[in-house]
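Novice: Got a sequence here, can you model it:
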Amino acid sequence: APRGPARRPGAWPARVRRLKAELGRREDFDSAPIKAPRVYKEINEAFGPETYFVTAIGLYQIWGGQHQKAHLPRHYQVCGQAGPLGWEIPAAIGVKKALKHTDPDAEVVGIVGDYSFQYTVEELAVAAQYDVPFVLIMLNNEYLGLIRQAEIPYGMNYQVDIHYDDYGTDNVKIMEAYGCTGRRVTEPGGIRGAVDWARKEAQRTSRPVLVEVMIEREANTPHGPAIDAVKEFEPLPGATA
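Specialist: Numbers count the residues shown, from 1 in each chain. I've put the predicted structure just below:
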């Protein structure tokens, strides 16, 4: 049977839009170490709706779901859970190559955690060899953050801390080892400048470029077993600490 006219949006989508506008979490943190929501504030302000984003699994992906704006269909690619750490670099390559003929100038950005970055870091060589430019924005807490937070109810913090020396692994040097470039950011005021530089550098070199943002080491994402049982770890907008 032929389809009838499309159904008009009901009350629920309108309520969801209103709740998104009214119940946002705070992002305007100026403290150092950098709070993760501030990173997404900078991402939302730096990139336009036409940007393609990829992200995998971890606290950073949960923060992304709560803070990052997604404007257009198929422009925010998430790996689908099931623990696929390391998805971002090969996914960014795939998105960029898939757009070669339809939108060759499309900007592709991978939002990545420090541990996920290292899972398939060798794929940087593929991007460098075949001139595939994209920007990687890393939230680096020098932890297996999602596992660390999951251990809290058990009173554990076991084999999840990957900090050593001053910062742990130097991810900028890893980029350079693959013929790519990167910068480390430790103050919130430096995020936007580094992102703007990385966008231009990716275009100039036609290779991946990293912005490594050092965030709070033991920050937690707000979530819970039900929508009315979410534990918030930061004051909400307009609330006092």
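
Novice: In this structure, where's the longest helix?
Specialist: Under DSSP state H, the helix in the chain containing the largest number of residues is helix 191-205.

Novice: who does it touch, helix- and strand-wise?
Specialist: Under the contact definition 3 or more C-beta pairs under 8 Å, 6 or more residues apart in numbering; DSSP states H and E, helix 191-205 sits against helix 36-46, strand 135-140, strand 181-185, strand 209-214. C-beta here means a position set from N, CA and C on the backbone, and glycine is covered the same way.

Novice: hey, where'd the strands end up in the chain?
Specialist: For the chain, applying DSSP state E gives strands covering 52-55, 76-78, 108-113, 135-140, 181-185, 209-214.

Novice: List the residue ranges of this structure that fall below the pLDDT cut-off.
Specialist: Within the chain, the segments meeting pLDDT under 70 span 1, 81-82, 238-241.

Novice: Name whatever forms a beta bridge with the spatially most central residue of it.
Specialist: The chain has residue 111 as the residue nearest its centroid, 3.0 Å off, counting by C-alpha atoms, centre = their mean. Legend: beta-bridge partners of residue 111 under DSSP bridges are residue 55, residue 137.

Novice: I figured it was touching residue 58, is that so?
Specialist: No - contact between residue 111 and residue 58 fails when scored by C-beta atoms under 8 Å: they sit 9.8 Å apart.

Novice: Tell me how far residue 126 lies from residue 14.
Specialist: Separation of residue 126 from residue 14 (C-beta to C-beta, to the nearest Å): 45 Å.

Novice: For the two, indicate the residue with more neighbours.
Specialist: The residue with more neighbours, out of residue 126 and residue 14, is residue 126; 15 against 10, by other C-beta atoms under 10 Å.

Novice: who's in contact with the more buried one?
Specialist: Contacts of residue 126 were listed using C-beta atoms under 8 Å, 6 or more residues apart in numbering, and they are 90, 93, 132.

Novice: ditto for residue 33
Specialist: Residues in contact with residue 33 (C-beta under 8 Å, 6+ apart) are 186, 214-217.

Novice: rerun at 6 Å
Specialist: Counting by C-beta atoms under 6 Å, 6 or more residues apart in numbering, residue 33 touches residue 216.

Novice: same deal with residue 55?
Specialist: Contacts of residue 55 by C-beta under 6 Å, 6+ apart are 61, 64, 78, 111.
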